[in-house]
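>>> Below is the structure, and that's it, no one-letter string:
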């Protein structure tokens with residue numbers, strides 16, 4: 001079963017998700033994973049889709065052409081390698097929240113620390129609310145680094161004069 005990464009963005013307006021998901025539905029593509037958000041006045045969509053039949057990137061891009069033109073979207077599509085899912089499996093998940101006065105270097109310093117610990121950032125979102133800077137991170141690790149990470153983030157909190165909290169994401173089995 002082929003999997004594809006699709007990325008779209010354009011000026012935010014109502015109907016983008018409905019129009020894009022309609023085309024994917026008509027192609028019989030299943031949305032496996034997604035991230036959709038507004039960044040200032042732009043709306044971004046990133047999707048992993050699967051197809052029950054063999055197809056290629058050109059099929060998907062061609063089907064999205066009308067929506068692309070109608071909504072003024074930029075669209076890209078990439079077929080994922082057959083073993084891509086094996087690379088995604090991690091054991092420990094951490095949720096990190098950073099808040100403080102907005103200043104350059106917050107994302108760099110936190111992401112550098114995580115990289116040095118071998119923690120992969122699977123999701124990162126930032127926003128400014130007046131002078132307050134907020135960052136929400138989901139990080140993954142093959143081993144349990146929680147206590148060590150907590151201590152290192154505490155040092156970084158003092159160094160940057162920001163608030164940082166970290167919690168371990170407990171696995172929920174449904």
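Sure thing, it's come through. As the structure is a computational prediction, the values presented were derived from the model and not from experiment.

>>> contacts and neighbour counts: CA atoms only from here.
Noted.

>>> Near residue 45, how many other residues are there?
18 (other C-alpha atoms under 10 Å).

>>> In contact with it, which residues?
Going by C-alpha atoms under 8 Å, 6 or more residues apart in numbering, residue 45 touches 6-9, 34-37.

>>> all strands of the protein, in order?
When assigned using DSSP state E, the strands of the chain occupy the ranges 3-11, 30-39, 42-50, 74-79, 92-101, 120-129, 132-141, 163-168.

>>> Just send those back as CSV, with mean pLDDT and distance to residue 21 too.
Formatted as CSV, the strands of the chain follow (pLDDT from 0 to 100; distance: least, C-alpha to C-alpha, whole Å):
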stretch, mean pLDDT, distance to residue 21
strand 3-11, 96, 12
strand 30-39, 92, 9
strand 42-50, 95, 10
strand 74-79, 96, 14
strand 92-101, 95, 29
strand 120-129, 91, 22
strand 132-141, 94, 26
strand 163-168, 95, 33
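
>>> still on that earlier bit, now rank the contacts of residue 45 by neighbours and give me the top one.
residue 9 (22 neighbours).

>>> correct me, but it touches residue 42?
Yes - between residue 9 and residue 42 there is a contact under C-alpha atoms under 8 Å: 6.8 Å.

>>> Sweet, I'm off.
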